[in-house]
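*Asks:* This is the structure alone, sequence omitted:
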């Protein structure tokens, strides 16, 4: 499935905040080329997108601030390890202290590799 088909399947817009990582010419060009609307939350209103704000906080504190990334390959490996821990091992209070993969794969199969 192409990236455009994947996005078209899910949504024609991409909800994001005004963080520095999301304000860039490259992201704007990528979205324009794929006919995706960038839907920015209002500055100073993190509650506009509370779920992603909570996720970003956990990613930043548990992974990005906890590691030095020495290369792209090193970053990919560390982020993949964190993703698997977050989805397959770490209980989430919002879903009754279950792990997300248990909701999607009730037979115990872990999340697919990237």
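*Replies:* Here it is on my side, so go on. Note that the structure is predicted; figures quoted are calculated from it, not measured.
*Asks:* Could you tell me how many residues sit around residue 96?
*Replies:* Applying other Cβ atoms under 10 Å, we find 9 residues neighbouring residue 96. In this view, the C-beta of every residue, glycine as well, is placed from N, C-alpha and C.
*Asks:* ok, now residue 45?
*Replies:* 11.
*Asks:* now do residue 37
*Replies:* Burial of residue 37 is recorded as 12 neighbouring residues (other Cβ under 10 Å).
*Asks:* Mind checking what secondary structure residue 38 has?
*Replies:* The three-state assignment at residue 38 reads strand, by DSSP: H, G, I helix; E, B strand; the rest coil.
*Asks:* pLDDT wise, what is it at?
*Replies:* For residue 38, the pLDDT comes out at 78.
*Asks:* so where's this protein uncertain?
*Replies:* Along the chain, the parts satisfying pLDDT under 70 run over 1-11, 13-23, 44, 46-49, 107-114.
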